[in-house]
Every structure is written in structure tokens, then in C-alpha cells.
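1. Predicted model follows, preceded by the sequence.
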Amino acid sequence: MNQSLSILDQNFVLHPSGGIFWTEKSTLLIADVHLGKVSHFRKHGSAVPFKAVAENFKQLTRIADAFEANSICFLGDLFHSSLNTEWQLFEDWVKSRKENVILVAGNHDIINPLKYEKLGIAIYSEIITEGFLLTHHPEEREGLFNFCGHIHPGIRMGGLGRQVLKLSCFFKTENQLILPAFGTFTGNYYLEPKSGDQVFAVTRNEVIRVC
Amino acid sequence: MTKNQLHKLAQSWFKNQGWKPFAFQEETWGAFLEGKNGLLNAPTGSGKTYALWVAFVLDYIKNNPDYKTKHKPGLKAIWITPLRALSVEIAQAAARFADGLETQLTVGIRTGDTPQAERAKQKRKMPDLLITTPESLQLLLTSKDYKKVFKNCTAIVIDEWHELLGSKRGVQTELGLSRLKAIAPKLRIWGISATIGNLDQAREVLLGPDSKAFKNSVLVKANLGKTYKVESIIPKTMEKFPWRGHMGLHLLEEVVPIINNSKTTLLFTNTRAQCELWFQKMMYKHPEYAGELAMHHGSINKETRLWVEQAIRNESLKAVICTSSLDLGVDFAPVESIIQIGGPKGVARFLQRAGRSGHQPGKESVIYFLPTHAIELIEASALGKAAINQVVEDRIPYLLSFDVLIQYLTTLAVADGFYPAEIWKEVKQTFCFQAMSEEQWRWILNFITKGSQSLQAYDEYKKIEIEEDGKFKVNSKAVAMRHRLQIGTIVGDAALQVKYLKGGYIGTVEEWFISKLSPGDVFTFAGKNLELYRIKGMQVLVKKAKTKKQAKVVSWMGGRLTLSAQMSELLREELYSANLPFEQQTRELQALKDIFDRQRLESIVPNNDQFLIETFKSREGFHHIFYPFEGRFVHEALGSLLAYRISLLSPITFSIAFNDYGFEILSDQKIDMQQVLDNDLFTARFLVEDLQKSLNSTEMARRKFRDIAVISGMVFTGFPGKIVKNKHLQSNSQLLFEVFRDYEPENLLFQQAYRETFEHQLEEGRLRLALERIEKQEIVIKACEKATPFSFPIITDRLREKLSSEKLEDRIKNMLRYLDKI
């Protein structure tokens, strides 16, 4: 089940995979996929299961098919490290899609921009449109609402009987929405919500507003 | 020289020192000279070093008649010790005898503390006797020409084998020995072990089952006729007696007269944090001890530790507050009194500590027991009986530890490379891997060369390469370097070095502790009040704090101890005796009268034919407390098992808490106990299946996996002092666990996490016996208004296991409903 959200008179749909669909712009926002991380570990002798690589592409396909947007905008850390063989898989995936792909570069994105250009992917350090600021790192700028990633937000919940749950989440403050990390082999950073913050927990099947 | 002459030679040296050899020492010399391998069962401080070192030197003299004039350099003997701290002592003793007989034999130490220059020197010219740790031995196996170094080795001694046996360091030692046996044909293998329940098995593990070495071996026992006495410290006023968590500090004044009346007193605490706290409080309340009271634990810097050890020998200290860091080795003749603070949880450990005092043969060892909460007095009483009967535990050896095997194979590949057919034969002869199948072996080989996948076009996995002639070899310098830094089987949280701003190393603390502090915060460590200045890389820079007020005391993670099977049985018997007439009870139980009376107000003190369950409701939810009195590990398993079985009846979420006496299942719903009984949920049938399934829903296997991931090299813990730079290669093992669970559950290392949980944590055998016992008992359910004296320490425990059969989405929604209400 998705969650819908209206910000500055624009409509957004939060998807359980961790991405956001911007209805008016027909654009998908996705942060911190960290492609190539598994291969990077394997290349350095740490035998992370190779099958985990396929999952990222499966999830990308899932959300892309669900909305059939015009564009997909990655909010940074698309690739975890320098070029490795997962790039080929990414290339194949991009070629198989109709969407226009855009990258707002993050701290991990160190792959040569020419490689992206060849694939028809435009790279920006930030995007400002309709009063929205799209970045990788969280930013505060007068008069703009910021969509970003980088943090890998998570939320801890407690309940009766000393229950505790830890979940990835979308974390929204007054002028900012931080997206969860989309990638499978990424960890979380747990945030404490303050009053006025909105938190949307992500399970495999649902997005649930928890505060 | 004949055997007789050799013995005479040693005897006369002993006589010159004013000593007389013990029977077990001479027996060991004899067996060694006959070419036997063996296990020597002797306690710390009994002269065990001389039993084996003398044997080696005599054998050397026998084979080198002109030993006084001719000396051929090169490694001849290895002494493995589990604790670096012990190496100095052993080196001194060894040199004393070797020099006394004018043998020209040299002694060297090689541990993690040995400076680089010294190591390089050793590489060029090895000492005759090398004293080292299991980790450093394995590191030596990574050097290029290791076969030449070890070729002429004739003896290896594994000291404190009982300490290594029940751990993965034991497996590491077994593997190292399997290689040494092959490259040093004249090698004799000897272990030294304190008394444990399974000495014969200890020898078998050391030498390899069915091996030639095992067949040609003996067990030598030192019967020193030691007796023990336990003296409980009973508080004068019981009603002020805290239930838990006070670390025993309320009884601090009771130990003062003991300290004052003894030459030197050792106070054993169970954790480093407790040690720090006791030291701090002691100095605060009794400043007159300044200069005479010291602290000793594993995270304090080496110089300080050595200084303390020396000061004990010199009798310049009145008392030392310590942890298990002083359990082993180091002969402290001046120690007169031992105080154990809090339950030691095992008889063997307790007796070993008791044995630190009264070193004169035949003299009774007295140990004082200071309980940290009321029910520990029952433990004290049980320990008193254990000491008389000398019941001790087994140390369970690890089986099929694939993580250690992978580390070992990588070690060989880093050095000269290895041929699988040759190593397979050696590894198969070890106790740990005797049951390994060829299929598993192939899987391991595939794992280290292809990362457990069949070769795929996109895969760049790189670690060990197979060369054209079939040799397995590491050719990447980076892989080799990372491997060398990570050799070892003890996994801890990242340790940061604490240093003064002006220089001066104080010790190490764990990252999680320091991460909770901000610059300017004051904390107590190594007995000093320190102000955090800043964290730089892997260093914590501090200043001396100006404030005198109490500061946060450093604490460390680290496993909690559990009661052994023997200890739990004694404890149960002791508890049942609380129902005997008052005058037949022990002093300790009599002191607990008020507490037993309060327990009986709403509940009962069970008899041996009763199984007690208590329930009550609080703000936190519905509490259900069960009392098997089997030790915390068994309770952790029983709690998960029962929770799992209950969760099958209807969707429900639990948190489970446990201590050595019982466990609690806490839920937001009330459990219908009649339904639990009607459905026969305590049955021992389907135990393995149900446990396996309950494990999937709890955290136990996940925690085991952490160590496995590090040992097998899947998680890189970082270069010392360079943690940030390599962050891109660090992942947490939690994440890794989930990836394996979702994508490669057939991975042997992943499965090992479950197997280890079964064999070493859950103790399936004990669990089965416990269930069978419960099935015969009458179940007594007491619905209480509030917590009872028995339940209080359990329900307040914050370390909890979780289990749920509800859908994740439903749990979130339930939590939200609950939040709305408050």
C-alpha cells in the first residue's frame, strides 16, 4: 500500500520499495541504490552473495513498472565505488527502459561522467524546480523544499511488552524529505523524530505513517 | 647420558634452588624422554613450567652430549600460552634452568606486543625456545619459508590448554599442530591443563583422534592434595539488600577487615566495568589505601599490568581488584586471601581462583564470596558444597568451525601456497574436522577461490588463486596484508586507544562506549578521572579531569557468563533445601529467611517435584515467569522454544528475558496458561525442529554470525589507526547476515551460525534433560498481584530476545494504537 503526500500543491506517492513518484512531473525519485557494492566487496575478497546484485535491479524494475514515469531521477550514491562489472548490468537495465534517467551526484559517485553521458544520463550537482531542491546531501535553503538521500534514515519503534522494531523510513521535516536507501546491501541510520516531523516506515509491502 | 643421570642432573639443580621436584614433574620428564606426547593435568602455580621445560632440556642434553661447548642456533621448542601476560614469567623460568645447566639455549618471546625490530631479528635468527600465542603462531605460518623455520622443532607445549579447548582458539591451535606435525617429524606435543571434567577428551583433541601421536601419549596428573573452603560474606541487614545491579558495592566495608588481615588480597570481579567501579569506590571510601591498592584487567596497558603483577610478587600491594585477567598463570606466592565478588557461574573457575591463595602444598585455600544480590547467596551455599566435592565442568570442543578453517587455509595460501590433497589429509586428522565430508571440503575450496559461486562472467571475486600446477596461492599483496592484520579468533568491538594529550598510553576502550560521550565529558578508566578531548582516528585523546565528582565508568560488552550444568544442579538442590526446617538450612539460606517469607506471600519456593510459573500484569504488559533453574543459556533456549510454540496458537509478539534462575515471556496479550498445558508445550518431542524454527525468529544465530563473518575474513575490521580510509570495505555483519539469509542460505558459514548456537549456546542435550525433568514435575501456576522476590531480577533485565508471529504491518499498527493511548 502506498502513501500519498501533498507538498507545495504538488502530489507525491511514497512507494514501499523506497522510491517516490512525483505525479505532476511524472518523475521517480530514488536515493542511495549503491549499485556495485556487492561486487566491490567480492573483488576485495569478501564473499557477499552474488545473487544480491540481482535484487537491486528487480526492485528498480518493480517501482519503474508500477508508475511508468517519464523520468527517473537518482538522488546520489547510485554507484558505491569505482567502475566494476555491475556497470554492465546497469547499462543493460537502462537500455531496457523507456524512462529518461537523471543523476544528482553524491559522495560515492566517482565514476567518470562520460560513462553516464554515453548512456544518455545527464548529471547534475543539484536540481531546482517548482520550489523544490533535489540534492544528495540534506540541505536547507531559504524558500525551497529539499528532497535528498545520503542519511539512510531508519526509525526505532517501541510498544507494549517491551517490543522494539527497527525499520527504514521516509523522514519528513518542515522543509525537507529524506528518502530511505533503496539498495539491498545498505544499512540504516536511526533518527529521533521531533514534534512536527513526519515519519513513514517502509516494509516490503506497505508504507505506513508512524508519526 | 642415561635416563638416571639426566634425572640426577635436574634434581641437583632443584636442590641448589632449595626445592625438591614433585612426583608429577619427574613423571613428566620420564615420559618425555621416552618420546611420548601427553597432557599434564596440573594447577597454576604448581611448577608445571619446570615439568615440561626441564624435560625438553634433558632431552636436548641427551642428544647433544657436548651441549656446553657447541650450540647450533635455530628453533627447537615452542611454548604456546593463551595470555601474552604470562610469557615473561615463562621466559624467566625457562632461562633460569637453561642457564643453570650452562646449555647455551636461548629463549625468546613473540606476541602481539613484540616490537617490529625484535620480530625481524627473530626471523633472521630464531631463539631455541619461542614463547608465543596461538595467533602469533599462525602469523608465523604466513611467512614465506616457514617450513625451514619449524623443521627441527622437537617439542611444542600448549599451556593452559583447558582455556583454549572450549574456544575457537583451540581449533586454531589444532590446525596449527596438524601442519607442524607434517613439517617437523620429530615433534613431541604436550598440553598442560587445569582440572576439567573431560581431561581424556582434552588429550584426544590436542593430539588428534586415532593419530599416531595420540596412541603414543600419556596423561600425567599432579595430585597436590589441595582442599578448599568457601566463606560467604553475609550482610548484616537483609532488608536493605538490593536485588540486582548494584555490583556488590553495598558490602564494600565487609571486605576491609579481610584486606587488613592479609598480606595480599585478590578481589575477583566478573566484568571490567565492575572492576573499575570497585576500584573507584574503594579509593573514595578508603583513601588510606593509596599506593597499596591496584587494579588489573585486560584493557589496561601492558606496562601497568606487568607493574601490578611484579608488585604482587614483591608484596608491595595490599590488594588488587582484578578480572579473569589474573585467573591464569603468574605464580603469586604472597597472596593470602581471595574474594570473589558476584557469582563465578562455574565451579572450575571458582576453584581456580580459590587456588590463587595458600600456595604451600597441603594448605587449605580459603575464598570469600561476596554476593551482589540476595539470590546469589544460594549460589554461594551451593559453591561451598561444590568445593568440597570438587565437581568440575567439561570444556566442550568446537566441531567443524569452517570460519577458522578458511582463515587457516588463507594463511597457508599467503605463505608458500598449498596443495589441497596434502592439507585435506592433515585437516581430517584433527578433532574439529574429523567428520568433515569431501563435499564440504570442496565447498570450502570453492568459497576461498570463487566466493562460493560458480564462475560467472560478471563476477570479479578475488582472494585465493589456483595456479597452473594446482597450488592455491594468494598473489595480491593487499589481500595478504589484510589477512595478516586479521588473524585471530577473538572478535570484539572496535578497540580505541586511550592516550593523554601530552602522550602516554592508558589502555583501550570499545568504540560503542566512547561514541556515547562528547568532548568535555568526564569518564573513569584505569582508576583515573579523564576528560575527553577529542577522538582522532582510532585514538581517544584525554586530559586529566579537574573535577573530583563521580564520572561515568567505562564499561565493555562481552558475553555474560552462564551457570554450568553441574552448577545449576547444585543450585537447585540448594534452593529446594529452603523448604527444610530452619535449623537444617545453611548459614546462607538462613540469612535469606525474610526473602523466602516474602516469596511465599503470593507464590511458593518450589520443591524438587514442582515447576513454578508466576504471572502478573503491569504497565509494561503481561508478565509470565518460569523457573527451571538451569542457567541463562538454557533459559534463553527454553524461552524462545516456548514463545515459539505459543506463537503458533495465535498471532502474538513477545519479548523474552532470562537469567540463571528462570525466564520471562512478556507480551501485550495475556497467555492462557491452561492452553499451554493442554497443548503439552513443554514436551521434548520435536525439540530440534521447533528450536530451529524459533531460532529463525530470534537474534541468537545472528550474533554468532558476527564472529564467523570476521574470522572467515568476510568482514574486514580495518587497519589499526586507519579506520576511516577503509570504510568502503567495512560492512556490518548484521547486514551481511540478512543478505545471506535472503540469497544464499545454503552457505556453510551461514549455517555454521545456527549449528554453533545449537551446540554451544543452547546446549540441546541439557535442554532435553530439562524438559524431561519438567514433564515429571507438577506445574504450579501462581497468579500474583506484583513481582515476587524471584521474578524481580528477571523482569528488570533489559537485554531481551524478541519473537513474533504477527505480520510486520500489524505489529506497526498495534504499536501505533498503543502510542495513541498513552
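-> Received, thanks.

2. can you count the residues close to B:Asp145?
-> Counted with other CB atoms under 10 Å in any protein chain shown, the neighbours of B:Asp145 add up to 11. (C-beta placed from N, C-alpha, C; glycine too.)

3. Quick one, grab the pLDDT at it.
-> Among the per-residue scores, B:Asp145 shows a pLDDT of 84.

4. List the residues that contact it.
-> With contacts defined as CB atoms under 8 Å, 6 or more residues apart in numbering or on different chains, B:Asp145 is in contact with B:Asp416.

5. And the residue nearest in space to the middle of chain A, how far from A:Glu140?
-> Per CA atoms, centre = their mean, the C-alpha nearest to the average position across chain A is that of A:Ala31, at 2.1 Å. Distance check for A:Ala31 against A:Glu140: by CB to CB, to the nearest Å, it reads 17 Å.

6. rewinding a little: contact partners for the residue nearest to the centre of chain A?
-> Residues A:18, A:74-77, A:136, A:148-150, A:179-182 are the ones in contact with A:Ala31 under the rule CB under 8 Å, 6+ apart.

7. least trustworthy helix or strand in chain A by mean pLDDT?
-> When each helix and strand of chain A is scored by mean pLDDT, DSSP states H and E, helix A:37-43 comes last, with a mean of 86.

8. can I have that one written out in PDB, keeping just the CAs?
-> As requested, the backbone C-alpha atoms of helix A:37-43 are provided in PDB (Å, rounded to 0.1, in the frame of the first residue of the first chain):
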ATOM      1  CA  LYS A  37      28.700  -2.500  -3.600                       C
ATOM      2  CA  VAL A  38      28.400  -6.300  -3.600                       C
ATOM      3  CA  SER A  39      30.900  -6.600  -6.500                       C
ATOM      4  CA  HIS A  40      33.200  -4.200  -4.800                       C
ATOM      5  CA  PHE A  41      33.300  -6.400  -1.700                       C
ATOM      6  CA  ARG A  42      33.800  -9.500  -3.700                       C
ATOM      7  CA  LYS A  43      36.600  -8.000  -5.700                       C
END
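
9. just the CA coordinates of the lengthiest strand in chain A, formatted as PDB?
-> Among the segments of chain A that qualify as a strand by DSSP state E, the longest is strand A:163-173. Output for strand A:163-173, consisting of C-alpha atoms alone and laid out as PDB, is shown next (Å, rounded to 0.1, in the frame of the first residue of the first chain):
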ATOM      1  CA  GLN A 163       8.600  -4.600  21.900                       C
ATOM      2  CA  VAL A 164      11.100  -2.900  19.600                       C
ATOM      3  CA  LEU A 165      11.000  -2.600  15.800                       C
ATOM      4  CA  LYS A 166      13.600  -1.100  13.500                       C
ATOM      5  CA  LEU A 167      12.600   0.000  10.000                       C
ATOM      6  CA  SER A 168      13.800   2.000   7.100                       C
ATOM      7  CA  CYS A 169      11.700   5.100   6.600                       C
ATOM      8  CA  PHE A 170      11.000   8.300   4.700                       C
ATOM      9  CA  PHE A 171      11.800  11.100   7.100                       C
ATOM     10  CA  LYS A 172      10.000  14.500   6.600                       C
ATOM     11  CA  THR A 173      10.600  17.700   8.400                       C
END
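
10. quick one: strands adjacent to it?
-> strand A:153-159 (antiparallel), strand A:176-178 (antiparallel), strand A:198-202 (antiparallel) (DSSP bridges).

11. which parts of it are buried?
-> The neighbour-count check on strand A:163-173 (16 or more other CB atoms under 10 Å in any protein chain shown) flags A:Gln163, A:Leu165, A:Leu167, A:Ser168, A:Cys169, A:Phe170, A:Phe171, A:Lys172, A:Thr173 as buried.

12. model confidence over it, on average?
-> Model confidence over strand A:163-173 averages 91 on the pLDDT scale.

13. gap between the residue in chain A sticking out farthest from the centre and B:Thr615?
-> When each C-alpha in chain A is compared with the mean C-alpha position (CA atoms, centre = their mean), A:Gly161 comes out farthest, at 33.6 Å. When CB to CB is applied, the distance between A:Gly161 and B:Thr615 equals 13 Å.

14. Between the two, which contacts overlap?
-> Overlap between the neighbourhoods of A:Gly161 and B:Thr615 consists of B:Phe622, taking contacts as CB under 8 Å, 6+ apart.

15. per the record, what domains does chain B have?
-> Domain segmentation of chain B under automatic domain parsing yields B:3-221, B:228-389, B:405-480, B:495-553, B:603-821.

16. In terms of helices and strands, where is the nearest residue to B:Lys385 once chain neighbours are set aside?
-> Sequence neighbours aside, B:Leu570 is the residue nearest to B:Lys385 in space, at 6.1 Å (criterion: CB to CB, 6 or more residues apart in numbering or on different chains). In the assignment (DSSP states H and E), B:Leu570 maps to helix B:565-576.
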